[in-house]
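Trainee: Dropping a prediction and its sequence here:
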Amino acid sequence: MGARQASCGVAVMAKASAPGRTKTRLVPPLTYEEAAGLNTAFLRDVAANLDAARAAGAPLASHMAYGPPGSESFFRDALPPGIGLIESWLPSFGACLFHAVTALFARGHEAACVLNADSPTLPTGLLVELADRLARPGDRAVLGPAEDGGYWVLGLKAPHRRLFEAIDWSTERVAAQTLARAAEIGLPVEILPTWYDVDDRASLRRLVAEVLQGVRPGPGMPALHPAPATAAFLRDAFARTDLADRLDLARPRESEVA
């Protein structure tokens, strides 16, 4: 192991885009091909959001904790250079998360975060706040709850395996159980604002409203990340297909799809 880096390593939990294998919860209303294309757009926007946080002064280092095995070339082709890759394809999601965390510490980072790939408009300010909280002295976790009961990020100062054990993954109990595991080991947890995953029709409609119709977050929330790749993908889909009908939306105005 090299010298510790004065940075926070962030591993985006990422899956290579393939029709029928990625973002299938969005089918319908999307087709399998559209869901795969949207996955690629999300990954590009999450990477751009981490870049924006870094430009704002957050000492973040970007990685993709990816799968399936053998898909490294997809990420090399789809994303900008300089993003680290960590193959993380294990029998349970908890094992994948913990592997990503330990890999980040092994690469010399002072803190390690696992970040979802389903929130392209996540306010950049929340990533800056994440890095700031993890830079303070003392062991802690920083958790960003998701509206569905999971979490959009978990940041750590040390690799606490217990946080990934006895968790009912992909349920509304994930965040609460993670907090319970932290309490078991006496680990302080700081809570960030709640955000949402795009994983069903309602959240996809919400995303469309944000990136194409200018809907803004509530009072006190930092500005949304503009998610340019996602916006471009959706504009094209609305222009070329019947996606508006499938989402029960009025077709966007010409200025919104131009």
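Mentor: Great, that's in hand. Numbers count the residues shown, from 1 in each chain.
Trainee: where does the stretch 101-250 of the chain dip in pLDDT?
Mentor: Residues of the stretch 101-250 of the chain meeting the criterion pLDDT under 70: 250.
Trainee: Which parts of it are strands?
Mentor: Remark: strands assigned in the stretch 101-250 of the chain by DSSP state E, counting those that start in this stretch are 109-115, 141-145, 151-156, 189-191.
Trainee: Format these as TSV; extra columns: mean neighbour count.
Mentor: (C-beta placed from N, C-alpha, C; glycine too.) Formatted as TSV, these follow (neighbours: other CB atoms under 10 Å):
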stretch	mean neighbour count
strand 109-115	25
strand 141-145	23
strand 151-156	24
strand 189-191	15
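Trainee: could these go into TSV alongside distance to P228?
Mentor: Output for the strands of the stretch 101-250 of the chain, formatted as TSV (distance: least, CB to CB, whole Å):
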stretch	distance to P228
strand 109-115	19
strand 141-145	22
strand 151-156	20
strand 189-191	29
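Trainee: Would you mind saying which of these lies nearest P81?
Mentor: strand 109-115 (19.3 Å; CB to CB).
Trainee: what sits against P120?
Mentor: Applying CB atoms under 8 Å, 6 or more residues apart in numbering to P120 gives the contacts 41-42, 45-46, 49, 198, 207, 211, 225, 227, 229-230.
Trainee: And it, how close does it get to H99?
Mentor: Using CB to CB, to the nearest Å, we find P120 at a distance of 24 Å from H99.
Trainee: and the gap between the closest residue in space to K157 that isn't next to it in sequence and F164?
Mentor: Once flanking residues are discounted, K157 sits nearest to D139: 4.9 Å by CB to CB, 6 or more residues apart in numbering. D139 sits 16 Å away from F164, going by CB to CB.
Trainee: Please apply the same query to S92.
Mentor: Taken as CB to CB, the span from S92 to F164 is 9 Å.
Trainee: and if you look at G84?
Mentor: For G84, the distance to F164 (CB to CB) stands at 21 Å.
Trainee: Which of these two has more residues huddled nearby?
Mentor: Per other CB atoms under 10 Å, whichever of G84 and F164 has more neighbours is F164, with 22 against 15.
Trainee: Does that one touch A100 like I think?
Mentor: No: using CB atoms under 8 Å, F164 is not in contact with A100; the gap is 10.1 Å.
Trainee: Can you work out which residues contact both of those two?
Mentor: By CB under 8 Å, 6+ apart, no residue touches both F164 and A100.
Trainee: Can you list the buried residues in the longest strand anywhere in the chain?
Mentor: Determined from DSSP state E, the single longest strand within the chain is strand 5-15. Using 16 or more other CB atoms under 10 Å as the test for burial, strand 5-15 gives 7-15.
Trainee: Give me the helices and strands touching it, please.
Mentor: Counting contacts by 3 or more CB pairs under 8 Å, 6 or more residues apart in numbering; DSSP states H and E, strand 5-15 is packed against helix 32-55, strand 60-67, helix 93-106, strand 109-115, helix 124-135.
Trainee: Let me know the angle separating it from helix 124-135.
Mentor: Following axes from the mean of the first three to the mean of the last three CA atoms, to 10 degrees, one obtains 130 degrees for the angle between strand 5-15 and helix 124-135.
Trainee: who does strand 5-15 pair up with?
Mentor: Within its sheet, strand 5-15 is paired with strand 60-67 (parallel), strand 109-115 (parallel), according to DSSP bridges.
Trainee: Could you dump those strands into JSON lines and include distance to P29?
Mentor: JSON lines is the format used below for those (distance: least, CB to CB, whole Å):
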{"stretch": "strand 60-67", "distance to P29": "26"}
{"stretch": "strand 109-115", "distance to P29": "26"}
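Trainee: thinking again about what came up before, take the buried residues of strand 5-15 and write them to CSV, including pLDDT and distance to L127.
Mentor: Output for the buried residues of strand 5-15, formatted as CSV (pLDDT from 0 to 100; distance: CB to CB, whole Å):
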residue, pLDDT, distance to L127
S7, 89, 13
C8, 96, 10
G9, 97, 13
V10, 98, 8
A11, 98, 13
V12, 98, 11
M13, 98, 15
A14, 98, 16
K15, 97, 21
